[in-house]
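Q: mind looking at a prediction? Sequence and model below.
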Amino acid sequence: MSVALGLDVGGTKILAVAVNGDGNVINEFRVKSSNSRRRLLDSLEGATATLVESLGPRSEELVGIGVGVPGLLDGYGVLNEVPNLPAVSGTPMTAELSRRLGHVFERRERFRLVVDNDGMCSAAGEIAFGAARGLSDAIVVTLGTGIGGGIIAGGQLLRGGRGFAGEIGHIVVDNDGPPCGCGRRGCWEQYVSGSGHTRLAREAALSGKATRIVELAGGNADGIKSEHIFEAARAGDLEAWGIVDTIARYLALGIANLVEVLDPLAVILGGGIIRDGDLFMPLTKKYFEQTRRGSGERSVLLRSAELGDRSGAIGAAALALGLVT
């Protein structure tokens, strides 16, 4: 059976998987991501070599490598505007990976190297093996360090005129909101991504609140992470629950805006943060129903991604396998 590798580049980590044509993960591991062009490419090359070695004799079944990257990837394979990894902007990803990984696919008659936006890869994974199977129209939202997105229209990935469709993390939900790495203010990911969560909690800490969250972060507000917020909320801390409520409100607002424009059958939420979805999803669904308009005939399903935080890596492999276009 054919095998492909999938690598998903995030703001803090790279998830690398080997996947067969049925969507089964044969092997996987994580390495740190890097806001350095050279170190990031070194990590991708090393991760690929490790996966190929782990396949043993099955490496002969390898037919492709897919790599999901954050930011705007143009038609020449150059990565542009990466707010969460700014030093990587301008990297000719396809050309560099073709050069560095050429030894993997030399002497193979048919081999596919695919470099694509990470949100598109997540959507591809859910189309091929997850919560978007059988759906003609859906939106996949990946909640990580930033927010990625993939739009499924008519059963296919919607790429836009320049291939930049799906940058949903940078829709503006508050004109007077905090500055975003993209250059605007009040972008959606400033509220509901991992970096947005920590911003909300640190601002609360600076005003003398969020004391339990700061304690969980070792007494240092700068060390606050999403997991500290959710851990405090699980323990019943009211200030943490106030932040969770804010996250849910903004998440619902952004989803409602997307639904008005794209009219999907479902919105699928994935990424690492969805692991704590049992805390914020019920609130999000409540606020979504209050925010959006329309009758029951326009009902939209809110689903968690079936592939969890693996959706981007598995989707990159699915693209390399040619299962999704």
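A: Looks like it arrived, so ask away. Numbers count the residues shown, from 1 in each chain.

Q: tell me where the stretch 51-200 of the chain has strands.
A: Counting by DSSP state E, counting those that start in this stretch, residue ranges of the strands within the stretch 51-200 of the chain are 62-69, 72-73, 79-80, 112-117, 138-143, 147-153, 156-157.

Q: those strands into TSV, with extra columns for mean pLDDT?
A: Written out in TSV, the entries for these read as follows (pLDDT from 0 to 100):
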stretch	mean pLDDT
strand 62-69	95
strand 72-73	89
strand 79-80	88
strand 112-117	94
strand 138-143	94
strand 147-153	93
strand 156-157	92
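
Q: quick one: which of those is nearest Val214?
A: strand 138-143 (23.0 Å; CB to CB). All C-beta spots, glycine's among them, are computed from the backbone N, C-alpha and C.

Q: dump the residue contacts of the residue nearest to the spatial centre of the chain.
A: For the chain, the residue nearest the mean C-alpha position is Thr142 (3.7 Å; CA atoms, centre = their mean). When contacts are counted by CB atoms under 8 Å, 6 or more residues apart in numbering, Thr142 is found next to 118-119, 122, 148-150, 270-271, 305, 311-312.

Q: if you set the cut-off to 6 Å instead, what comes out?
A: 119, 122, 148, 270-271 (CB atoms under 6 Å, 6 or more residues apart in numbering).

Q: helix or strand next in line after the helix or strand hosting Ile213, which one?
A: Element membership of Ile213 [criterion: DSSP states H and E] is helix 211-216. In the C-terminal direction, the helix or strand that comes right after helix 211-216 (DSSP H and E) is helix 226-234.

Q: other residues contacting that next one?
A: When contacts are taken as CB under 6 Å, 6+ apart, the neighbours of helix 226-234 outside the stretch itself are 194, 197, 201, 212-213, 216-217, 240-241, 243-244, 273, 276, 279.

Q: regarding the protein, what is its longest helix?
A: The helix of greatest length in the chain, counted in residues with DSSP state H as the criterion, is given as helix 238-262.

Q: what is it packed up against?
A: In this structure, helix 238-262 packs against helix 189-192, helix 226-234, helix 277-291, with contacts taken as 3 or more CB pairs under 6 Å, 6 or more residues apart in numbering; DSSP states H and E.

Q: those helices into CSV, with extra columns for distance to Val300 and mean pLDDT?
A: Formatted as CSV, the entries for the helices and strands packed on helix 238-262 read as follows, by distance: least, CB to CB, whole Å; pLDDT from 0 to 100:
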stretch, distance to Val300, mean pLDDT
helix 189-192, 17, 96
helix 226-234, 25, 97
helix 277-291, 8, 92
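
Q: tell me which of the ones you listed is the most buried.
A: Among those, helix 189-192 has the highest mean neighbour count (mean count of other CB atoms under 10 Å), at a mean of 27.

Q: show me what that helix is in contact with.
A: 146-147, 169, 177-178, 180, 196, 247, 250-251.

Q: what distance separates that helix from the centre of its chain?
A: For helix 189-192, the gap between its own C-alpha mean and the chain's C-alpha mean amounts to 13 Å (CA atoms, centre = their mean, to the nearest Å).
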